[in-house]
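**Student:** what follows is a protein structure lacking sequence information:
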């Protein structure tokens, strides 16, 4: 059974306390972020049911929200997810080439994960970094002004970080 | 009476309605063609309407005080009248163009599988297409399909036919205390589903079938059993044990057989008020389990609009034709030939007809 | 340095992100002035006098919006800051929040006081995850220094600011969708009326304003509304942040005072620094992806042959026939090597992806437009597709609950309006169009002005 640990539970309480006592559901989006970060980077049905119970709402209310917003992963994803922007302004600065290069380098198409579960490639729509294009989101941060060389470095950094973490 | 009355002109017809009335309900009071068609609005469901955009009308004069016209077409179901307002529905070219556009949008991804759809004959999308649609499609792409979702043994969901009116979600919210289905995903992939495969259980959930304007939610106990125009609707009632159920229903009969039980639907496609003054929602037991004439007290034939296809079938004392094939076949039941309901599952069980992104052809059966 | 800077004046001061430096540089003066010497009503008056227009895209006068807020007895009111910056081409709010977070917090405190909001929310797009930390840090600093919390500066006014992260949905930039999302629901825009000013967040009176709008309240209070209104021209008062991107030498966020010409903005070294790699300008989307794209000739000069300026009125001169809009200030520049069809296709894909799916015209129409555009782009187009596309967009525009339908329709309409020959070339030269782009054609030629 999944459950928030003490630190996560404290954060959960902080999030819920920002809203009026009878409006607990308002915390749903931030709590889903917390749950996704806490339980393996994606939202399983079990995780969503747990969130529903914590917020005292129906499970379907959580499913409806989780499937609406693009940042919630409803399937397991790689340890490092490359979310490359492909909208107009990034396209003008060559995002297609970046996506093709990652595809070539890691052997994964958008939506796919490498066999070792390390990398997922995902194309996304505008992330609000148009002046620093082409760009992608990696975890909490943006990687901007991407070039092929920079992609190589990022991949290497991820691999190193993965070794150091284990 | 201290109620304030507003004078409103719709398609050159003047009517007085209480303040707070929507344009749509004012138009319905006039009736006939002046009432804009609706696909998502349902007066007995709080918060319905505004989404399908079929009831758009032009407000050519805002009110007596502020006569400026409204720049955009407005959803008549969610816009309240003002005193002196002038509205154009079928007298507005803009409205008719926009409405034709909405019909086209609703149809581009619709499977147009009316020949195998149980809703045919009482489908509001059929009526709308007949009145406002074009005779051919300009959409030349693969139609959208969805993964099949099973809602249990009583209710059939065909997501490809759904127009996302949200009525069934509102029914589950407002009539039952445990909503289990909802709208998942977004945009053109939004769908009615349960996320996890789940049977809908609540004892009033069957009403989602009655509110569905299209064939997305149909009654599995009636599925493929008969065409609505072969059946004859009669109003009936019973003493239902469920305190929330009015027990006042419509039976869809052929001969002495009750094929289907539904709520009593009015001319706008909404469930009528029951004799207790409350909306005549019925429970699942009345709907799905009471299929014998002896279960019911029959009040009399339902008054059906003469333009409805249901009144076109003059099968007054019709009985089912006698099965002759078993005789010819030495008593063997003609499963493959006559059991058309299951034909698609017998011959090509891997093809789900309603999931086709185009009309079904004979090669699909 | 030519133009006046009100918001980004101190942006390059080392450590301005932190309270001590911000305060030392004169920060939080407007809170002192407002809470000690002004009443909520006089603050609203000052904002009205300033002529400040909403900086999120619609350009609605902010003071007017504030004055609409209902004040029923005993019902809390809320100010919500719209930081769901998602319009392609727009990244100005991000810059402001990331580098001068206290400016936003300061503006929020004054505005909350003016509107009577004791709990104010910043709704920030989910992808700006690291900025949430920056803002929360700034809020803690402000609170520790007595600018937030109970009885601020002894005024009797209590205020807390909370940061809520979205989770990836452009539609939540629409104020009623944002409110739904803040309530923990799907971001489906509400049908208006009721307007948020009467029934917004939790059915309470609510004002939703863009980040830049709320930050601009700080200079307005400091200098007075009338002084603020003297900057700029006509109904385009004050300064505006423009986020410039695309094929220019210096993409970035610039503060302009709305008196400079578009040409100066693109070519001067103070701003965009000209077109990158020595190329020529082909077209530009001057106010975020949803506003009409303009060919170079109509961008630099209006149809009447007058110089076009970077302000609300001048950018929209000529209406949609020959003008565009200031929008959110997302300035996207296309050089001669860019393909308008492909650019329009990516935008159509964006709007299809971001449609909430409530209204049938938008849900079905955006996907249809994307498919037709992909056919044209990938060499499968027919000549009749162009008229079909035009017809589809015209049936979406104006027929939906929220402006996303319009936002999806306008870029398609404008691309066909001004670049129809490029679409036709894609269809008549299918193979060539896969290998090279249409080029500049006549788009940069001076516009013909009838004598």
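**Tutor:** Received the coordinates, thanks. Remember, it's a predicted structure, so these values are computed and weren't measured experimentally.
**Student:** what is the burial count for the residue nearest to residue C:136 when sequence neighbours are not counted?
**Tutor:** Distance criterion Cβ to Cβ, 6 or more residues apart in numbering or on different chains; nearest residue to residue C:136, sequence neighbours excluded, is residue C:163 at 5.6 Å. C-beta here means a position set from N, CA and C on the backbone, and glycine is covered the same way. For residue C:163, the number of neighbouring residues by other Cβ atoms under 10 Å in any protein chain shown comes to 21.
**Student:** residue C:163 reaches residue C:122, doesn't it?
**Tutor:** Yes. Residue C:163 is within contact range of residue C:122, at 4.8 Å (criterion: Cβ atoms under 8 Å).
**Student:** so what sits against both of the two?
**Tutor:** Residues touching both residue C:163 and residue C:122 (Cβ atoms under 8 Å, 6 or more residues apart in numbering or on different chains) are residue C:135.
**Student:** so is stretch C:414-427 next to chain A?
**Tutor:** No. Residues of stretch C:414-427 are not located near chain A by Cβ under 8 Å from any Cβ of the partner chain, the shortest gap being 11.3 Å.
**Student:** do stretch C:391-406 as well
**Tutor:** No. Between stretch C:391-406 and chain A, judged by Cβ under 8 Å from any Cβ, nothing touches; the nearest distance is 13.1 Å.
**Student:** isn't there a helix covering the residue nearest to residue C:136?
**Tutor:** No. Residue C:163 is assigned strand when assessed by DSSP: H, G, I helix; E, B strand; the rest coil, not a helix.
**Student:** quick check: residue B:129 touching residue B:105?
**Tutor:** No. Applying Cβ under 8 Å as the test, residue B:129 and residue B:105 come out as separate, 11.7 Å apart.
**Student:** and those two? Which one has more around it.
**Tutor:** Legend: neighbour count by other Cβ under 10 Å for residue B:129 and residue B:105, higher for residue B:105 (28 against 19).
**Student:** that one in helix, strand or coil?
**Tutor:** Per three-state DSSP, the secondary structure class of residue B:105 is helix.
**Student:** what of residue B:163?
**Tutor:** Assigned with three-state DSSP, residue B:163 falls in the coil class.
**Student:** that one: what's it in contact with?
**Tutor:** Residues near residue B:163 by Cβ under 8 Å, 6+ apart: B:39-40, B:52, B:106, B:110, B:125, B:213-214, B:216, C:360.
**Student:** which of those are buried?
**Tutor:** Among the contacts of residue B:163, those classed as buried by 16 or more other Cβ atoms under 10 Å in any protein chain shown are B:39-40, B:52, B:106, B:110, B:125, B:213-214, B:216, C:360.
**Student:** which parts of chain A sit against chain B?
**Tutor:** A:45, A:58-61, A:63-64, A:67-68.
**Student:** now, which of those sits nearest residue C:231?
**Tutor:** residue A:68 (41.2 Å; Cβ to Cβ).
**Student:** which strand or helix spans the closest residue to the closest one other than its chain neighbours?
**Tutor:** Closest residue in space to residue A:68, ignoring its immediate chain neighbours: residue C:186 at 4.3 Å, by Cβ to Cβ, 6+ apart. In this structure, residue C:186 is located outside every helix and strand according to DSSP states H and E.
**Student:** domain ranges for chain A?
**Tutor:** A:6-68, A:80-165 (automatic domain parsing).
**Student:** any idea which of these gets closest to residue C:40?
**Tutor:** Closest approach to residue C:40 among those (Cβ to Cβ): domain A:6-68, 22.3 Å.
**Student:** strands of the chain, start to end?
**Tutor:** If you meant another chain, say so; for now it's chain A. Listed in chain order, the strands of chain A (DSSP state E) span A:80-85, A:119-124, A:136-138, A:141-143.
**Student:** correction: the question concerned chain B.
**Tutor:** B:5-10, B:13-18, B:56-61, B:74-75, B:85-88, B:155-157, B:182-184, B:191-193, B:217-219, B:232-237, B:248-254, B:257-262, B:297-301.
**Student:** same list (those strands) but as CSV, adding mean neighbour count and mean pLDDT.
**Tutor:** Converted to CSV, those look like this (neighbours: other Cβ atoms under 10 Å in any protein chain shown; pLDDT from 0 to 100):
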stretch, mean neighbour count, mean pLDDT
strand B:5-10, 20, 96
strand B:13-18, 15, 96
strand B:56-61, 22, 96
strand B:74-75, 22, 96
strand B:85-88, 24, 96
strand B:155-157, 24, 92
strand B:182-184, 24, 95
strand B:191-193, 23, 92
strand B:217-219, 24, 94
strand B:232-237, 20, 94
strand B:248-254, 23, 94
strand B:257-262, 22, 94
strand B:297-301, 12, 93
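**Student:** what lies in contact with the longest helix seen in chain A?
**Tutor:** If you go by DSSP state H, chain A has its longest helix at helix A:148-165. By Cβ under 8 Å, 6+ apart, the list of residues contacting helix A:148-165 from outside reads A:79-80, A:82, A:97-98, A:101-102, A:105-106, A:118-119, A:138, A:143.
**Student:** which residues of chain A fall in helices?
**Tutor:** Using DSSP H, helices in chain A cover A:6-16, A:28-38, A:45-55, A:59-68, A:88-92, A:95-106, A:148-165.
**Student:** in the second one, what's buried?
**Tutor:** Neighbour counts using 16+ other Cβ under 10 Å place A:28-36, A:38 of helix A:28-38 among the buried residues.
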